[in-house]
Structures are given as structure tokens and as C-alpha cells.
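Enquirer: Test case, fold it:
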Amino acid sequence: MAIVSKPNHWKSLRARETRLAWSLISPTALIVFGLVIFPAIFSVWVSFHDVGLHNLNDVFHAPFVGFENYRKVFADFAFKFQPGQSWGAAVTSVVYSFTATILTIFVGLIAALLLNRPFRGRSITRAVFLFPYVAPIVSVAFVWRWILDPRPSGVVNDILMKLGVIDLPIAYLATRGLALLLVIIFDAWRYFPFAMLMILARLQAVDSTMYEAAEVDGANTLQKFWNITIPELRYVLGAVFLLRLMWTFNKFDDIFLLTGGGFGTRVLPVLTYEFSFRLFDFGRGAATAMILLTILAIFMAFYIGVVMRSDEDE
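Expert: Below is the predicted model:
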């Protein structure tokens with residue numbers, strides 16, 4: 001009687017391919033787990049515990065405090081809205097993120113429309129427009145601080161005083177209201193090239209025969225823009241808006257380098273830094289980060305579930 005040997009699944013081609021696939025993705029998976037997944041889970045854990053310098057050497061035995069860290073954040077004067085005094089970090093974050101994102105897309109759309117037309121030196125102009133986005137944030141932030149220097153030697157103060165517009169130098173980045181406006185303008189100036197590239201790529205894919213047909217029908221430039229260009233760009237504009245809003249909502253370095261979070265520009269990422277690395281209350285800092293994440297997740301769910309779905313239904 002012949003003995004039929006069972007196939008060795010361990011040595012089969014499919015098993016070898018599976019082991020090869022796991023060996024290839026394991027380094028990336030370990031890096032993602034160590035730098036993204038574990039810190040995120042650990043931040044949630046820290047937000048429910050009393051973690052500070054006094055027990056940082058034994059953090060995993062920190063006492064559980066429940067929602068006490070969240071209560072402290074909501075009760076903090078730097079977080080909550082105070083009528084007639086300050087907006088608070090939460091409201092400032094929303095105003096800063098939405099306004100800067102909308103302005104970024106608006107400037108990027110104008111730049112994309114200009115660069116979509118053929119003219120001499122278009123390639124050089126594109127390269128120049130990319131400079132704010134590719135330049136190091138530290139260098140451009142300090143150039144802006146030099147331009148807006150509150151001393152008479154500051155570029156803006158020097159020009160305005162010589163023109164007779166102002167008599168005394170102005171501390172632009174130290175004036176409540178004006179400082180937030182300048183930070184928003186800085187954000188739009190720095191990141192409009194990203195929106196420009198995305199929009200320009202879609203503009204160059206639009207069929208030119210639609211514009212020719214509209215021109216034959218007597219449509220003017222504004223009508224072609226509103227009835228052809230905008231509908232063709234709506235998905236790109238939606239994607240860019242969502243990406244830029246998420247990135248702006250989590251922005252820390254721009255505001256910190258320009259104003260340090262003072263003079264009405266304190267946003268939630270800056271408040272998280274202050275709780276964690278100035279007050280050394282890591283539990284409260286993690287709670288602030290979780291509140292920021294929750295606000296952003298609510299908006300994303302609303303935007304994807306309502307705005308994007310309505311576009312698909314059309």
C-alpha cells in the first residue's frame with residue numbers, strides 16, 4: 001500500500017511569499033507602531049493619569065485621576081472663552097484654522113489661474129511661487145519678525161515712518177487682534193503653493209473644448225469660471241480644504257516662532273506645549289491634545305458625511 005505524503009504547507013510557494021511579505025513590511029510596521037500608534041495610545045492613557053516631573057521616572061504607576069485633567073483644561077482661563085477679555089485657545093484655534101485655510105485656498109486658486117495661462121517666464125514664476133513652501137520655517141519666520149520688528153529699524157515701521165503714515169513705531173506682533181491677523185496672513189503666504197500645485201494640476205486636465213463651446217455660446221470670462229472651472233475643481237478644492245484644515249489645526253511652529261502664542265494667538269497646540277513643557281503637567285497637556293483631536297474628528301466626520309456626500313449625490 002503506497003503512502004501518500006501530506007503537502008508541506010510551510011514550504012509551499014504561497015507560504016514563502018507570505019513570509020517574504022511580512023519580512024518586508026515588518027520594519028515599516030515597527031516604525032509606524034513606535035512613532036505613531038504607541039504614542040497616540042499612550043497620550044490617551046496619560047490624559048487620564050496624574051503625570052508630572054514628580055513621577056516621570058515611574059510613569060506607568062501614575063495615579064488614575066479620571067476626567068480631572070479634562071476638567072482642569074476646560075476651567076483654565078487660557079482655554080475657555082471670556083467675553084470682552086479673550087477668545088480662549090479653543091475659539092482662537094477654530095478662527096485661525098478656518099480663516100487661514102480659506103485664505104490659503106483663495107490665494108492658491110488665484111495663483112493657479114495665473115500660472116495656467118501661457119506667458120514668458122512661466123517656469124521661473126512657478127519656481128518663485130514655490131519658495132515660501134520649500135523654505136525652512138525657522139528662516140522665513142525670522143525674516144517676517146525682522147520685517148515686522150517693533151523698533152524704528154523694522155522694515156515696515158521704517159517705510160511707514162518715512163512716508164509719514166505713522167509717527168511712532170508699532171509692535172505688530174505684540175498687538176492683540178493684529179497679531180492673529182498677521183499670523184493668518186503668514187500661514188496663507190507660506191502654504192498657498194501647496195494649494196496652487198493641486199489646483200493647477202486639475203486645471204491642466206480640464207478639457208479646453210468646454211471653454212470653446214461656452215465662448216461660442218456667448219459666455220464671458222466670469223460665467224466660464226463659475227460654470228466650468230469651479231465645478232471641475234470642487235473635488236480638488238474639497239480635498240485641499242480638508243488637508244490644509246487638519247494641518248493648520250495642528251500647527252505649532254508657525255505661531256510659536258512668530259509670537260510665542262501670546263497677544264491673542266494662543267491656539268490648542270501651543271496650549272498643549274505650555275501645559276506639558278512649561279508647567280510640566282503632562283496629564284493636562286495630553287488632555288488638551290485629546291480635546292484638539294476630538295474637535296478635529298467632529299469636523300472631519302461632518303465634512304465627509306455631509307459636504308462630500310452631497311457632492312457625490314449631485
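Enquirer: Which residue ranges of the stretch 1-150 of the chain form helices?
Expert: All helices of the stretch 1-150 of the chain, identified by DSSP state H, counting those that start in this stretch, fall at 13-32, 38-46, 68-75, 88-115, 122-134, 137-147.
Enquirer: Quick one: these as JSON lines, columns for mean pLDDT too.
Expert: Output for these, formatted as JSON lines (pLDDT from 0 to 100):
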{"stretch": "helix 13-32", "mean pLDDT": "86"}
{"stretch": "helix 38-46", "mean pLDDT": "92"}
{"stretch": "helix 68-75", "mean pLDDT": "93"}
{"stretch": "helix 88-115", "mean pLDDT": "93"}
{"stretch": "helix 122-134", "mean pLDDT": "88"}
{"stretch": "helix 137-147", "mean pLDDT": "93"}
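Enquirer: With respect to Arg176, which of those lies nearest?
Expert: When the helices of the stretch 1-150 of the chain are compared by Cβ to Cβ, helix 88-115 sits nearest Arg176, at 10.9 Å. Backbone N, C-alpha and C define where each C-beta goes, glycine included.
Enquirer: so what secondary structure elements neighbour that closest one?
Expert: helix 122-134, helix 178-203, helix 230-249, helix 268-277, helix 282-302 (3 or more Cβ pairs under 8 Å, 6 or more residues apart in numbering; DSSP states H and E).
Enquirer: Go through it and flag the buried ones.
Expert: 88-90, 92-94, 96-101, 103-105, 107-109, 111-112, 115 (16 or more other Cβ atoms under 10 Å).
Enquirer: what does stretch 237-253 give?
Expert: Counting neighbours by 16+ other Cβ under 10 Å, stretch 237-253 gives Leu237, Val240, Phe241, Leu242, Arg244, Leu245, Thr248, Phe249, Asn250, Lys251 as buried.
Enquirer: May I ask which of the residues you listed comes out lowest in pLDDT?
Expert: Scanning those for pLDDT, the low point is Leu242. It has 87.
Enquirer: who touches that residue in this structure?
Expert: Contact analysis of Leu242 by Cβ atoms under 8 Å, 6 or more residues apart in numbering lists Met300, Tyr303, Ile304.
Enquirer: Which residue, neighbours along the chain excluded, lies closest to the second one?
Expert: Right, Tyr303. Leu242 (6.0 Å; Cβ to Cβ, 6 or more residues apart in numbering).
Enquirer: Determine the number of other residues adjacent to Asn220.
Expert: Asn220: 9 surrounding residues under other Cβ atoms under 10 Å.
Enquirer: ditto for Val59
Expert: 14.
Enquirer: can you pull the contacts of it?
Expert: Val59 neighbours (Cβ under 8 Å, 6+ apart): Val46, Val51.
Enquirer: picking up where we left off before, and the contacts of Leu242 as a markdown table, adding neighbour count?
Expert: Putting the contacts of Leu242 into a markdown table (neighbours: other Cβ atoms under 10 Å) gives the following:
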| residue | neighbour count |
| --- | --- |
| Met300 | 14 |
| Tyr303 | 15 |
| Ile304 | 12 |
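Enquirer: between those, which is nearest Thr125?
Expert: Nearest to Thr125 among the contacts of Leu242, with distances taken as Cβ to Cβ, is Tyr303, at 32.8 Å.
Enquirer: Kindly provide the distance from that closest one to Gly238.
Expert: Applying Cβ to Cβ, to the nearest Å, the value for Tyr303 to Gly238 is 8 Å.
Enquirer: go on, Gly52?
Expert: Distance from Gly52 to Gly238, by Cβ to Cβ: 42 Å.
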